[in-house]
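**Student:** Fold the following, please.
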Amino acid sequence: MQILDELNKDIDKLSLDLGGFIKQNVVDFRKKGVLLGVSGGIDSAVALTLSVQELGAENVYGLLLPEKESAPSSTPLGAEICESLGVQYEEVPISPILESLDIYNKKDQVIKRACPEYDPEVHKTSLVLPDFLDGGLINVPYIKLAKDGEVIAQHRLKASDYLELIGLQGVKQRSRMIVQYMYAEKMNYAVCGTTNKTEMVLGQFVKYGDGGVDIEPLADCYKTQVYALAKHLDVNEAIRERPPSPDTWSHYTSDQDFYWRMPMHTIDQLLYAQEHKLPLDVVRENTGLPEEKIVRAQKHFDVVKKNTEYIRAVAPVFTLNGNH
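**Tutor:** Below is the predicted model of the structure:
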């Protein structure tokens, strides 16, 4: 079998089913429409297009939520797809929220501890992990410093510094969600999420940030399927060709550089194979990877899934009868 063919089959039916899901939930929630944070990325573009096709542009609202470390192309691409679909939208920069919490300054202080030469007036930064399939260490994140678009240095992070940076960066997604709900509740709209299955399975989203939404139409679609949907829906080619990224670091950091640590099609095939318990020889034939790398990757996924269970779970609730 060809895993990518399985992932990408019946995309027209999938598109219709997803649109029906969005509409049904809007009806069930007694909402007038949906609101989305539009980032200029593939996931929000697909969710936006599906929403417009099912609900009509007049019942969809877009928010562009940039901050000073967003990629320069994010806002123009987000605005362009909203305009092409006839969706009303508004730009609400979240930098003032982050500045009021001193997020940028706190982040600079952490980076300076790891990178003595770091100058925020000169350098852009990104957080990355070594390539997993080529033998990179599993848990050694490091900071890259870039100047004039070129990486000039990289420094390993202590675990405590890494955790602090993750906490500071998560404020960006959580700030965006605060703004989305402020608008959605005023309009009586549902907040539509954009997390795909690759991200959902691996806990690649921020709890109460981009994970804090009313509906998640793409949560059972691997990233590969999202790209197939984008082509089927004729999403702007500039968005389809843009490397997927959380867009929270001043030096553009792709999902492959940090979260996936391997090509998108490879990780999706490995996750699909694990989900469907495919034989190793089938996985090897599809991915071109030797058996030891496949086994190592799937063990790694098991650890990641276990460590991120709390992100996907509803908060435990104490009850008087002793059940949790």
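**Student:** which regions of this protein lie under the pLDDT threshold?
**Tutor:** 131-139, 254-260, 322-324 (pLDDT under 70).
**Student:** go again using 50 as the cut-off
**Tutor:** 137 (pLDDT under 50).
**Student:** can you list the domains in it?
**Tutor:** 3-98+165-309, 99-164 (automatic domain parsing).
**Student:** Out of those, the one nearest V317 is which?
**Tutor:** domain 3-98+165-309 (16.0 Å; CB to CB). C-beta coordinates here come from the backbone N, C-alpha and C atoms, glycine included.
**Student:** Now do that closest one: distance from first to last residue.
**Tutor:** End-to-end distance for domain 3-98+165-309: 26 Å, by CA to CA, to the nearest Å.
**Student:** All the helices of the chain, residue numbers only.
**Tutor:** Along the chain, the segments classed as helices by DSSP state H run 3-8, 11-28, 42-55, 74-85, 95-100, 103-114, 159-187, 197-202, 223-232, 237-240, 264-275, 280-287, 291-307, 309-312.
**Student:** L16 - how many residues pack around it?
**Tutor:** 14 (other CB atoms under 10 Å).
**Student:** follow-up on the earlier one: in a markdown table: the domains of the chain, plus distance to N321.
**Tutor:** Formatted as a markdown table, the domains of the chain follow (distance: least, CB to CB, whole Å):
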| stretch | distance to N321 |
| --- | --- |
| domain 3-98+165-309 | 24 |
| domain 99-164 | 36 |
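**Student:** Of all these, which one comes closest to P316?
**Tutor:** domain 3-98+165-309 (11.4 Å).
**Student:** Disregarding flanking residues, what is the spatial nearest neighbour of L229?
**Tutor:** V46 (5.0 Å; CB to CB, 6 or more residues apart in numbering).
**Student:** Contacts only, for the one you found.
**Tutor:** 194, 218, 226, 229-230, 233, 235 (CB atoms under 8 Å, 6 or more residues apart in numbering).
**Student:** Now the two most distant members of those residues.
**Tutor:** Spatially, the most separated pair among the contacts of V46 is T194 and L233, at 14.1 Å (CB to CB).
**Student:** still on that earlier bit, could you identify which of the domains of the chain is most buried?
**Tutor:** Across the domains of the chain, the average number of neighbours (mean count of other CB atoms under 10 Å) peaks for domain 3-98+165-309, which reaches a mean of 19.
**Student:** Show me how far it is from its chain's centre.
**Tutor:** Between the centre of domain 3-98+165-309 and the centre of its chain there are 5 Å (CA atoms, centre = their mean, to the nearest Å).
**Student:** Check stretch 314-324 too.
**Tutor:** 30 Å.
**Student:** Stretch 155-172 too?
**Tutor:** 18 Å.
**Student:** Can you give the contact residues for it?
**Tutor:** Outside stretch 155-172, the residues touching it (CB under 8 Å, 6+ apart) are 67, 94, 98, 101, 103, 106-107, 110-111, 113-115, 127, 140-143, 145, 206, 209, 246, 248-249.
**Student:** Can you tell me how far F21 is from D220?
**Tutor:** Plainly put, F21 is 10 Å away from D220 if you go by CB to CB, to the nearest Å.
**Student:** repeat for G193
**Tutor:** The value you get for G193 to D220, if CB to CB is used, is 12 Å.
**Student:** can you check Q53 too?
**Tutor:** 19 Å.
**Student:** Can you give me the distance of V282 to P290?
**Tutor:** In terms of CB to CB, V282 sits 14 Å off from P290.
**Student:** nope, S250 is what I was after
**Tutor:** 37 Å.
**Student:** Ok, N59 next?
**Tutor:** 51 Å.
**Student:** Check D234 too.
**Tutor:** Counting by CB to CB, the gap from D234 to P290 is 39 Å.
**Student:** Equivalent analysis for L320, please.
**Tutor:** Where P290 is concerned, L320 sits at a distance of 55 Å (CB to CB).
**Student:** Also L233?
**Tutor:** 37 Å.
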